[in-house]
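Participant: The following block contains a protein sequence and its predicted model.
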Amino acid sequence: MTKLKLLSIAVVGLLILNLCIVGFLFLRKPPARLQGPPPSEIDGPRNRIVEILHLDHEQVLEYEKLIDQHKNTIKLLNDSISVTKSNLYHTLIGENLIAKDSLVNKIASLQKEIENAHYDHFSKIKKLCKPEQLEYFTELTAELSNFFGLARSTPQPQGRRP
């Protein structure tokens, strides 16, 4: 076999190998972490709640108003918590324990308001339901902890942080 024939076979082999690799890279399904959230999570829990409760068009419009009110309330409360936490950590400079305790209590109070706002929001959604939809609302209550990130499928790692 001549050197030219051997070189030609090697080039054709490498070309076929490269085409297979490029085809594999472009035709395979991307990993789940690169695909983004599932369509049901793009609008947060909104679509899932509409789906579970089988809301009609008018109920969906009313529900969207409730969502806007709820988002505004939660944003205000979260902003207040952020400001209060900032003030709390500024007390480290002077180590004012009275101010620290007061600010920690204020954060707890604001967090309590957030939980009450969540509860009231779902109470309003329940009132939005027709009598035949109330059984679906019971199904929804089983999933509520998932909407707020309370349910974890994997345990959080324990250990020291750097």
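Facilitator: Structure's in. What do you need? Worth saying up front: this structure is predicted, and the values here are computed from it rather than measured. Residues are numbered from 1 along each chain as shown.
Participant: Could you pull out the helices in this structure for me?
Facilitator: For the chain, applying DSSP state H gives helices covering 3-27, 32-35, 39-42, 46-53, 57-94, 97-128, 134-147.
Participant: Okay, angle between the last one and helix 97-128 too, please.
Facilitator: With axes from the mean of the first three to the mean of the last three Cα atoms, to 10 degrees applied, the angle from helix 134-147 to helix 97-128 works out at 150 degrees.
Participant: helices or strands up against helix 134-147?
Facilitator: Counting by 3 or more Cβ pairs under 8 Å, 6 or more residues apart in numbering; DSSP states H and E, the packing neighbours recorded for helix 134-147 are helix 46-53, helix 97-128. For every residue, glycine as well, the C-beta is placed using N, CA and C.
Participant: returning to that earlier point: as CSV, the helices of the chain with mean pLDDT and mean neighbour count would be great.
Facilitator: Converted to CSV, the helices of the chain look like this (pLDDT from 0 to 100; neighbours: other Cβ atoms under 10 Å):
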stretch, mean pLDDT, mean neighbour count
helix 3-27, 88, 9
helix 32-35, 56, 8
helix 39-42, 51, 10
helix 46-53, 87, 17
helix 57-94, 92, 13
helix 97-128, 92, 14
helix 134-147, 82, 13
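Participant: mind putting the helices and strands packed on helix 134-147 in CSV, distance to Lys29 included?
Facilitator: CSV is the format used below for the helices and strands packed on helix 134-147 (distance: least, Cβ to Cβ, whole Å):
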stretch, distance to Lys29
helix 46-53, 23
helix 97-128, 36
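Participant: Quick one, which of the ones you listed gets closest to Glu135.
Facilitator: Closest to Glu135 of those is helix 46-53 (Cβ to Cβ; 10.0 Å).
Participant: roughly how far out does the closest one sit from the chain middle?
Facilitator: 16 Å (Cα atoms, centre = their mean, to the nearest Å).
Participant: Now that helix - C-alpha only, PDB.
Facilitator: Extracted in PDB, the C-alpha atoms of helix 46-53 (Å, rounded to 0.1, in the frame of the first residue of the first chain):
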ATOM      1  CA  ARG A  46     -50.300  30.600  37.800                       C
ATOM      2  CA  ASN A  47     -50.700  28.100  35.000                       C
ATOM      3  CA  ARG A  48     -50.700  25.100  37.400                       C
ATOM      4  CA  ILE A  49     -53.400  26.700  39.600                       C
ATOM      5  CA  VAL A  50     -55.600  27.500  36.500                       C
ATOM      6  CA  GLU A  51     -55.100  23.900  35.400                       C
ATOM      7  CA  ILE A  52     -55.800  22.300  38.700                       C
ATOM      8  CA  LEU A  53     -58.900  24.400  39.500                       C
END
